[in-house]
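S.K.: need a structure here:
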Amino acid sequence: MQQTRVSQGTDYYYRFIEKFPDISTLAAASEEEVMKVWQGLGYYTRARNLHHTAKTIINEYSGIFPSDYDEILKLKGIGPNTAAAVSSFAFKTNKPVMDGNVVRIVSRLFGVLHSVNSSVGRTIISNYVSQLMNQSSPDMFNQAIMDFGALCCTPSKPGCKHCPFNRVCYAYLHDRIEEFPVRKKKTEMKSRFFNYLDIRSQGFTYIKKRTNNDIWKNLYEYPLIETKSDMLLQDVIASDAWAILFNGIDTDVYGISSEYLHQLTHRRIKARFIRVVVNSQQAWIPVDYTRIKSEDIINYPVSGLMAKYIKEVVSA
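M.R.: Numbers count the residues shown, from 1 in each chain. I've put the predicted structure just below:
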């Protein structure tokens, strides 16, 4: 729910726990099964980490989720914030949660001038929260401060006039509410240009799993020609990448999709799908790709961008 509305995520949640009702079921599943159920949510690394951690709990903790904060922190995909939340809510450990709501409240209340996405700023805020925490009810404290940030000390138009802390809040007393929390400048948004090739040959198409440490790792996709700018179709066809992929095989381009835009945290993907027919009676398979029946593409985990194209065009 970090950057997804609850209304959007709820259906995914129910589908996921119906498919994987417990840790052992999740651990026994294949990664492709997990990714397919997760498909469309984004943040695919979290799905892989969740799957990996389920296996770890089965194999190293006899299927029982660890109760110790440091042990929880060892689990893949779990950082200090999540470990604090789990250990305080489930096991009443005195560990403060440092989510965005908490950071915002504390930075305004105490006037923290260091950037909250710097190590110094996070340490200062963590120290303040630790001093404020109710040691006898850490779970109630964490829930209360997060809810307070979500309901009163909101990012914009906070309810300062009715806030019980307005007599001691640095930001309110100095009329600097909008200046907190202090953050470093956001990473510049960059565009990437994807030209997917929806290749058809005797009822088959071709896909490949993304294995590099890049976006959509371990998801499947059509052959991809990524360019540095938005190129004309004839320039893509004339490119070295096109020549290497088809290696002299005769082809016909019979269509090109409209542009698909996909926004990631620091990247803007501009994609289009070029529909190609291979004029060969031989079972041609490009290097590193898998040949599947065209209609079977719906059974593979793919990115939300590619899923949208498949739903609108391939499955229509």
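S.K.: what comes up buried for stretch 68-85?
M.R.: Using 16 or more other C-beta atoms under 10 Å as the test for burial, stretch 68-85 gives Y69, I72, L73, L75, I78, P80, N81, A83, A84, A85. Where you see a C-beta, it was placed from the backbone N, CA and C, and this is true even at glycine.
S.K.: same question, stretch 245-262
M.R.: By 16+ other C-beta under 10 Å, the buried positions in stretch 245-262 come out as L245, F246, T251, Y260, H262.
S.K.: Relative to R5, which of the residues you listed is nearest.
M.R.: H262 (17.5 Å; C-beta to C-beta).
S.K.: so how far is the host helix or strand of the closest one off the chain centroid?
M.R.: Element membership for H262, per DSSP states H and E: strand 260-263. Remark: strand 260-263 is offset 15 Å from the chain centroid, using C-alpha atoms, centre = their mean, to the nearest Å.
S.K.: what does that strand contact?
M.R.: With C-beta atoms under 8 Å, 6 or more residues apart in numbering as the test, strand 260-263 has contacts from R268, I269, K270, A271, R272, F273, S303, G304, L305, K308, Y309.
S.K.: Following it in sequence, what is the next regular element?
M.R.: As assigned by DSSP H and E, the chain's next helix or strand after strand 260-263 is strand 267-278.
S.K.: Other residues contacting that following strand?
M.R.: Strand 267-278 has contacts (C-beta under 8 Å, 6+ apart) with 189-201, 215, 222, 230, 233, 236, 246, 249-263, 284, 305, 309, 313.
S.K.: Run me through the strand neighbours of the helix or strand following that strand, direction for each.
M.R.: Per DSSP H and E, the first helix or strand lying C-terminal to strand 267-278 is strand 290-293. Strand 290-293 has its sheet partners listed here by DSSP bridges as strand 204-209 (antiparallel).
S.K.: mean confidence for the strand it pairs with?
M.R.: Mean per-residue pLDDT for strand 204-209: 95.
S.K.: who does the next helix or strand after it touch, helix- and strand-wise?
M.R.: Downstream of strand 204-209, the next assigned helix or strand under DSSP H and E is strand 220-221. For strand 220-221, the packing partners by 3 or more C-beta pairs under 8 Å, 6 or more residues apart in numbering; DSSP states H and E come out as strand 204-209.
S.K.: so the strand it packs on versus strand 267-278, what angle?
M.R.: 150 degrees (axes from the mean of the first three to the mean of the last three C-alpha atoms, to 10 degrees).
S.K.: and strand 204-209, which residues are buried?
M.R.: Quick answer for strand 204-209 (16+ other C-beta under 10 Å): F204, T205, Y206, I207, K209.
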